[in-house]
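> fold the following, please.
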Amino acid sequence: MGITKLADLIRLASPCAISHKDISDYTGKVIALDTSIVVNQFRAATPSLSPLTGLFFRTLTFLEHDIKPVFVFDGKPPGEKTPVLEKRAEAAGWRSPNRTGTASSQTRDCLQLLKLLGVPVIQAPGDAEALCACLVREGTVDAVASEDMDTLPFGANILIRQLNAKRDSEVVEYSLPKLLEKLQISHKEFVDLCILLGCDYCDKIPGLGPKRALALIQKHRTIEDVVLHINRQTHPMPHFWKYKEARKIFLDPPHTEAPELTWSEPDEEALVKLLCHVKYVKEDRVRRRMEKFRQMRESRREEREKETAAGRSRQTRMEDFFRVTRKREKPVEAADSSSSDRKRPKSK
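As a prediction, this is how the structure comes out:
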């Protein structure tokens with residue numbers, strides 16, 4: 001999934017593009033999440049349980065940290081991704097992959113749950129990570145949370161991995177502008193590098209390792225020029241190699257206009273009905289978690305009131321915890337959006 005060995009290459013060639021943080025560092029940030037990645041994590045960790053339970057608990061934890069999650073759902077995958085999807089379906093024991101983007105019953109359940117939790121959801125026209133990256137570039141969100149490294153070639157300035165809400169978990173953040181600056185390549189050249197490393201949309205050149213691929217791109221700049229300077233016997237070109245199609249998918253993905261992002265109060269009774277009466281989660285477990293959520297939120301309100309009394313911040317009302325965040329102005333330069341600590345314009 002994603003780009004083969006890209007994370008390892010970044011650690012070796014551009015460690016300055018990586019920073020390690022705590023979940024609390026993202027307080028007040030709007031984070032786009034690739035929903036399928038989150039759901040698959042829960043399916044792998046607890047295959048006997050519905051992923052809705054994990055999604056419920058994790059989303060409340062984000063909200064308790066004043067993180068504003070935006071869940072993005074996959075649409076119809078590009079035709080070039082079919083071979084990869086078929087392999088994944090076979091490995092998972094499914095009859096066939098979802099090539100149409102039609103929502104499964106599980107996806108519909110997730111949509112319903114998230115709406116009851118009061119968090120915004122967006123349907124992507126294609127792969128969710130492509131739209132997540134677009135939301136970051138346009139300044140609609142601060143970062144993308146995904147384990148899929150191909151969010152970077154799609155152009156996400158900030159990629160967050162391991163944002164799993166565990167207390168002892170170290171969040172890993174990747175900065176695309178810092179990465180490109182260190183490697184001394186453009187975004188387009190970085191896309192060609194990722195194709196050489198191996199992506200979901202086409203085959204790769206056999207035997208071409210990450211270090212060698214990077215050196216070739218830094219010297220020759222394009223795949224077209226790279227293939228003129230490698231040994232075709234040791235590194236044969238794939239038959240019907242669709243690298244140009246893959247390049248277009250990364251550089252010109254389908255786009256959809258993001259709706260106005262609104263967070264609202266969770267509907268506890270509707271959540272109990274869905275999780276307990278339909279999915280058979282124990283009701284007292286859901287009620288206890290909701291009570292903890294309310295207590296955490298009240299504690300934050302009290303902390304803000306103390307700060308206000310001490311003159312350290314403006315007064316924050318209870319209803320300010322949930323507010324409408326309108327689309328922000330597009331950053332003037334990509335480098336300006338590389339920091340997850342950049343200032344957000346006030347909501348209108």
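> list the buried residues for stretch 217-225?
Neighbour counts over stretch 217-225 (16 or more other Cβ atoms under 10 Å) mark 217, 220, 223 as buried. For glycine as for every other residue, the C-beta is placed from the backbone atoms N, C-alpha and C.
> what does that stretch contact?
Outside stretch 217-225, the residues within contact range by Cβ atoms under 8 Å, 6 or more residues apart in numbering are 183-185, 189, 192-193, 195-196, 226, 228-229, 243, 247.
> can you flag the buried ones in the residues you listed?
Buried by 16+ other Cβ under 10 Å: 183, 185, 189, 192-193, 195-196, 226, 243, 247, out of the contacts of stretch 217-225.
> how many other residues sit next to Thr27?
13 (other Cβ atoms under 10 Å).
> not counting sequence-adjacent ones, nearest residue to it?
In space, and not counting its chain neighbours, Thr27 is closest to Asp66: 4.7 Å by Cβ to Cβ, 6 or more residues apart in numbering.
> I'd guessed the one you found sits against Asp25; true?
No: contact criterion Cβ atoms under 8 Å: Asp66 and Asp25 do not qualify, at 11.5 Å.
> which parts of the stretch 151-300 of the chain are helices?
176-183, 187-197, 210-220, 223-226, 243-251, 268-272, 283-309 (DSSP state H, counting those that start in this stretch).
> okay, these in TSV with mean pLDDT next?
Below are the helices of the stretch 151-300 of the chain laid out as TSV (pLDDT from 0 to 100):
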stretch	mean pLDDT
helix 176-183	98
helix 187-197	98
helix 210-220	97
helix 223-226	96
helix 243-251	96
helix 268-272	96
helix 283-309	89
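> deepest of those helices, which one?
Across these, averaging neighbours per residue (mean count of other Cβ atoms under 10 Å) puts helix 187-197 on top, at a mean of 22.
> report all helices and strands that it contacts.
Judged by 3 or more Cβ pairs under 8 Å, 6 or more residues apart in numbering; DSSP states H and E, helix 187-197 is in contact with helix 6-13, helix 176-183, helix 210-220, helix 223-226, helix 243-251.
> and of those, who's closest to Leu111?
helix 243-251 (25.3 Å; Cβ to Cβ).
> elements contacting the closest one?
The elements that helix 243-251 packs onto, with contact taken as 3+ Cβ pairs under 8 Å, 6+ apart, are helix 187-197.
> can I get stretch 62-74 in CSV, CA atoms only?
The C-alpha coordinates for stretch 62-74 follow below in CSV (Å, rounded to 0.1, in the frame of the first residue of the first chain):
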residue,chain,number,x,y,z
PHE,A,62,-9.7,13.4,19.0
LEU,A,63,-12.5,15.7,20.0
GLU,A,64,-11.4,15.7,23.7
HIS,A,65,-8.0,17.0,22.5
ASP,A,66,-9.8,19.7,20.6
ILE,A,67,-8.7,18.1,17.3
LYS,A,68,-11.3,18.7,14.5
PRO,A,69,-11.4,15.6,12.4
VAL,A,70,-12.7,15.5,8.9
PHE,A,71,-13.3,12.0,7.6
VAL,A,72,-12.8,11.4,3.8
PHE,A,73,-14.2,8.4,2.1
ASP,A,74,-12.9,6.7,-1.0
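> ok now that stretch, how far from the chain's centre?
Relative to its chain's centre, stretch 62-74 lies at 10 Å (Cα atoms, centre = their mean, to the nearest Å).
> can you lay out the contacts of stretch 217-225 as JSON lines showing distance to Gln162?
Below are these laid out as JSON lines (distance: Cβ to Cβ, whole Å):
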{"residue": "Leu183", "distance to Gln162": "23"}
{"residue": "Gln184", "distance to Gln162": "28"}
{"residue": "Ile185", "distance to Gln162": "26"}
{"residue": "Glu189", "distance to Gln162": "28"}
{"residue": "Asp192", "distance to Gln162": "28"}
{"residue": "Leu193", "distance to Gln162": "24"}
{"residue": "Ile195", "distance to Gln162": "26"}
{"residue": "Leu196", "distance to Gln162": "26"}
{"residue": "Val226", "distance to Gln162": "33"}
{"residue": "Leu228", "distance to Gln162": "40"}
{"residue": "His229", "distance to Gln162": "38"}
{"residue": "Tyr243", "distance to Gln162": "31"}
{"residue": "Arg247", "distance to Gln162": "29"}
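> quick check: Gln41 is in a helix.
Yes: remark: Gln41 belongs to a helix, assigned using DSSP: H, G, I helix; E, B strand; the rest coil.
> just confirm Ile31 contacts Ile158, I think it does.
No: look at Ile31 against Ile158 with Cβ under 8 Å: they stay out of range, at 9.4 Å.
> what touches both of those two?
142-144.
> highest neighbour count among those residues?
Neighbour counts for the shared contacts of Ile31 and Ile158 peak at Val144, which has 31 neighbours (criterion: other Cβ under 10 Å).
> what strand or helix carries that residue?
According to DSSP states H and E, Val144 maps onto strand 143-145.
> what pairs with that strand, parallel or antiparallel?
In the sheet, strand 143-145 lines up against strand 30-34 (parallel), strand 158-161 (parallel) (DSSP bridges).
> what sits up against the longest one?
For strand 30-34, the surrounding residues in contact (Cβ under 8 Å, 6+ apart) are 62, 67-72, 128-129, 131-132, 135-136, 140-146, 148, 151, 160, 163, 261, 325, 344.
> mark which of these are buried, thanks.
62, 67-72, 128-129, 131-132, 135-136, 140-146, 148, 151, 160, 163, 261, 325.
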